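# Sequence first, then the predicted structure:
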Amino acid sequence: MTFQLGAKKCAEYIKKHKSALVVSHIDADGLTSAAIMGKALERAGIEYETHFVKQLDTSALTGIADRNPELVVFTDLGSGMLDAINSLKINAVISDHHQPHGTHDHHLNPHLFGINGATEISGSGVTYTMVSSLGDNNDLADLAIVGAVGDLQHVKHGQLIGINRSVLEEGTRNGALRFEKDLLLFGKQTRPIFKLLQYSSDPYLPGITGSEDTSIEFLKKIGIRQHGEKWRRWIDLEANEKQQIVSALIQFCLTCGMQAFNIQRLVGEVYTLLREREGTEVRDASEYSTLLNATARYDHADIGLAVCMGDRGKRYDEAITLLNDHRKNLVEGLNLVKEKGTTKMENLQYFDSGNKIRETIVGIIAGMSTSFLDNKHLPIIAFADSDGGVKVSSRGNYDLIRRGLNLGVAIGEAAKSVGGAGGGHDIAAGAFIPREAKDEFLRALNSKIGEQIR
Ligand code: C5P
Ligand code: C5P
Ligand code: ZN
């Protein structure tokens, strides 16, 4: 069977129902997945409700089973809990891209077809493929791309590949999307250019990141001028000015002795949503996905979902307010990691943010902090306080993956060995463990990672 045929089989099963509960994950990929499924169900005349969870554990699943829904469609999660879904007798369709455990009759997951779920397709792409067989839903390609970019699936190759690429091409054909090579720094649609430098965390620009003054000085020195009182945005610049900034940044990084793979991340493919207004967060896939994370990761998935469903009024404004807080939290979190540093073990490094960083964003901060941490040969593990235990987040890099690292497997097994649960992808994974088990968990994880990369 092909992936597309698997998608069709699931779509046909969905069609047999009158109502469904869509259960999804609280991040950009989860929100776009839920929106794609929601729109498609609506168009197919199937009533639905949505429900978002931080993680799909046994207690979340029991709660869902208790609601006694006719059908549950899990999007961007579920593949790690197939046995529990079966044993709770939940009538379900699972549309996910995380590494699967167990089997299920209506389960669509790229890993079952030899497709990489961390680079070739995200939860939103899996869901988009599924609803392509549910009706005429190709106009949702832009949402699918926002989900893929939210999961950083374009990072490894500097562009989207695999099924993500096919979705992108469909979106380009129907006028929803455009892609081009451009500066990757965040905020090109909405922020004055010096802020792109000031807030650059990937790559981290020594002496510039974190400082408004040196960011402005850098631009002035190469002849980029303000217009009156105001700094222009990236999208307001002339092509030659953009080129000039990119060259100067590359030169700067080379002078700093930065490694080539870090410098390369300055430029890559960017994705523009052509149906959205220029100069707004939702015009750029990366800014859009951050806007969504700013809602769902702070218990406001309903706001992010409304934005995905097309609200550009009240709910959109609420999302922008949340975005400002989110940015502040990211900066504070990164500063904390910079100050505290990490503790090294043989095969990993870790930091424990206690209650200083929210468990729902500690993974994002761990990922961003790798650009300024010295020990690139060690994956980063982060802890944050959580209700009744500890949240674990981890991020690796492609060099380590080439050497055998699979964080999803290592974290899953280590968590299980101490009475917790977790999983994810080779490059990024997470878990929830009992508080008192932290040291034992670290020892188990250190040895598992050692076995993987030996
Ligand atoms: O839960 P989900 O699969 O949607 O999340 C994937 C996670 O993997 C994201 O948080 C993303 O930041 C992370 N990731 C990463 N580096 C990559 C690819 C994905 O940190 N190159
Ligand atoms: O929360 P964080 O961003 O660190 O999650 C990284 C990856 O691990 C995501 O793909 C997430 O879905 C997955 N994860 C998981 N089980 C958990 C926590 C995270 O599969 N308990
Ligand atoms: Zn995802």
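Yep, it's here. Numbers count the residues shown, from 1 in each chain. Ligands and ions are numbered 1, 2, ... in the order given.
# Which residue comes closest to the closest residue to ligand 1 within the chain once chain neighbours are left out?
In the chain, the residue that lies nearest ligand 1 is Ala428 (3.2 Å; C-beta to the nearest ligand atom). Every C-beta, even on glycine, is put in place using the N, C-alpha and C of the backbone. Distances taken as C-beta to C-beta, 6 or more residues apart in numbering put Arg395 closest to Ala428, at 5.3 Å, once the chain neighbours are dropped.
# State the pLDDT value of Glu276.
Note for Glu276: predicted pLDDT of 98.
# And Asp387, how close does it get to ligand 2?
To ligand 2, Asp387 is 13 Å away according to C-beta to the nearest ligand atom, to the nearest Å.
# Surely the residue nearest to Ala428 is in contact with Ile365?
No: using C-beta atoms under 8 Å, Arg395 is not in contact with Ile365, being 9.7 Å away.
# For the stretch 251-400 of the chain, what lies in contact range of ligand 2?
Neighbours of ligand 2 within the stretch 251-400 of the chain, by C-beta under 6 Å from any ligand atom: 363, 393.
# Smallest gap between the stretch 251-400 of the chain and ligand 2, at which residue?
Going by C-beta to the nearest ligand atom, ligand 2 is nearest to Gly363 of the stretch 251-400 of the chain, at 2.5 Å.
# before we move on, could you check phi and psi at that residue?
Here is the backbone geometry of Gly363 (degrees, to the nearest 10): phi -70, psi -40.
# nearest spatial neighbour of it, skipping sequence neighbours?
Ser393 (3.4 Å).
# That neighbour bridge partners, please.
Following DSSP bridges, Ser393 is listed with bridge partners Ala382, Gly430.
# so who does it touch?
362-363, 366, 381-382, 384, 428-430 (C-beta atoms under 8 Å, 6 or more residues apart in numbering).
# The closest residue to ligand 3 within the stretch 351-454 of the chain: neighbour count?
Nearest residue of the stretch 351-454 of the chain to ligand 3, counting by C-beta to the ion: His425, 8.4 Å away. The number of residues packed around His425, counting by other C-beta atoms under 10 Å, is 24.
# what does the protein have sitting close to ligand 3?
Proximity of the chain to ligand 3, by C-beta under 5 Å from the ion, involves residues 29, 76, 122-123, 151.
# now Gln225: how far from Glu278?
Let me fix one detail, which is that residue 225 is Arg and not Gln. Between Arg225 and Glu278 the computed distance is 22 Å (C-beta to C-beta, to the nearest Å).
# three-state assignment of the residue of the stretch 251-400 of the chain found nearest ligand 3?
Going by C-beta to the ion, ligand 3 is nearest to Ser289 of the stretch 251-400 of the chain, at 10.7 Å. The local conformation at Ser289, judged by DSSP: H, G, I helix; E, B strand; the rest coil, is helix.
# Do I have it right that it meets Gly150?
Yes: at 3.2 Å, Ser289 counts as touching Gly150 under the criterion of C-beta under 8 Å.
# ok, now which ones touch the residue minimising distance to the centre of the chain?
The chain has Asp151 as the residue nearest its centroid, 2.7 Å off, counting by C-alpha atoms, centre = their mean. Contacts for Asp151 (C-beta under 8 Å, 6+ apart) come out as 27-29, 118, 122-123.
# rerun at 10 Å
Asp151 makes contacts with 27-30, 32, 76, 97, 117-119, 121-125, 164, 289, 425, 427-428, as judged by C-beta atoms under 10 Å, 6 or more residues apart in numbering.
# same check, this time on Asn91
Applying C-beta under 10 Å, 6+ apart to Asn91 gives the contacts 13, 17, 20, 65, 68-72, 85, 106.
# Give me the common contacts of Arg395 and Ile365.
380, 382.
# Can you pick out the residue with more neighbours from the two?
A count of neighbours by other C-beta under 10 Å puts Ile365 above the other of Arg395 and Ile365, at 27 against 24.
# any idea how far that one lies from Gln243?
Distance check for Ile365 against Gln243: by C-beta to C-beta, it reads 32 Å.
# Kindly report the same for Asp302.
Distance from Asp302 to Gln243, by C-beta to C-beta: 42 Å.
# same thing with Thr370?
Noted for Thr370: a distance of 28 Å to Gln243, by C-beta to C-beta.
# Neighbour count: the two, which is higher?
Taking neighbours as other C-beta under 10 Å, Thr370 and Gln243 compare with Thr370 leading, 21 against 12.
# Now for the more buried one: which residues touch it?
The contact partners of Thr370, by C-beta under 10 Å, 6+ apart, come to 201-202, 204, 262, 337, 349, 376, 378-380, 395-397.
# tell me how far the ends of stretch 297-315 are from each other?
When the termini of stretch 297-315 are compared using C-alpha to C-alpha, to the nearest Å, they are 16 Å apart.
# All good on my end, thank you.
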